[in-house]
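**Q** Structure for the following, please:
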Amino acid sequence: MNTAEPRLLVVEDDPDVARLICRSLGEFGFACDVAASGRAALDAVRTRTPELTIVDLGLPDMDGLALIAEMQRLHPCAVLILTGRAGVADRVLGLELGADDYLIKPFEPRELVARVRSILRRYQKTAAPTPASQEGCAHFAGWRYDPASHTLTDPQGGSTRLSTAEAQLLMLFLAHPNRILSRERLVGDRPVESYDRSIDVRISRLRRKLRDDPHDPRLIKTVYGAGYLFAAPVRWE
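**A** Residues are numbered from 1 along each chain as shown. Presented below is the predicted three-dimensional model:
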């Protein structure tokens, strides 16, 4: 990732809002491309996957949630939802689909910049070189994970590609097996409020990919009042 000038994609059909977003971020060194529709956004990410995409849910040609699902399937990247839709259902579904954060319009430009920086810092940590003991692919409980391609292979040989948010979360677990990680540690730099369930949503999504029964998990265990624990030895090779 180019930390000097990260490339962002702003998916927003209101030109005045798009200009405000780009101007606010441009003052802090972020280069922005703009797509005014879902189809234009998909065309843009096919050409070049951005470091982060800012998505409005009310697009003229498709629902923003459908766009996020398609992007995470084809071209996974960090996602910040910026929308006027404040419903809990939209927020939860957005996080389920792989979004990293959710900001409601009207927004304070300084908060937007802070949230973008926080998301990018988390991904830069994930992309940082790993210790020699964690190079190559991870093997655990019959599974194989390739960090280079975000590919998770099950014991039967079937594979699936993780979203960027799922990959970040799994890497934290793989780097600290059999250790309790707090929700704050798993979320990263963004402050966690008592009502913020975003990390729980991501845990649920990762458990489904690992076929880990949420009622009796074998791999990602809930330690009530403390956090989560990855209960499997990990071998890197």
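
**Q** Read off the pLDDT value for residue 134.
**A** According to the per-residue confidence, residue 134 scores 58 in pLDDT.

**Q** Any stretches of this structure with poor pLDDT?
**A** Within the chain, the stretches with pLDDT under 70 are 1-5, 124-134, 188-197.

**Q** Give me the most central residue, it.
**A** The centre of the chain sits closest to residue 165, judged by Cα atoms, centre = their mean, with a distance of 2.7 Å.

**Q** May I have the distance across stretch 53-65, first residue to last?
**A** Distance between the two ends of stretch 53-65: 13 Å, counting by Cα to Cα, to the nearest Å.

**Q** Any buried residues in that stretch, and which?
**A** Of the residues in stretch 53-65, those scored as buried under the neighbour-count criterion (16 or more other Cβ atoms under 10 Å) are 53, 54, 55, 56, 57, 59, 64, 65. In short, each C-beta sits where N, CA and C put it, glycine included.

**Q** starting at the chain centroid, how far to whichever strand or helix holds residue 44?
**A** Remark: residue 44 resides in helix 38-47, with elements defined by DSSP states H and E. Relative to the centre of its chain, helix 38-47 is centred 19 Å away, using Cα atoms, centre = their mean, to the nearest Å.

**Q** State the paired neighbours of the helix or strand following it in the sheet, together with their directions.
**A** Next in sequence after helix 38-47, counting helices and strands by DSSP H and E, comes strand 52-55. Strand pairing for strand 52-55, determined by DSSP bridges: strand 7-11 (parallel), strand 78-83 (parallel).
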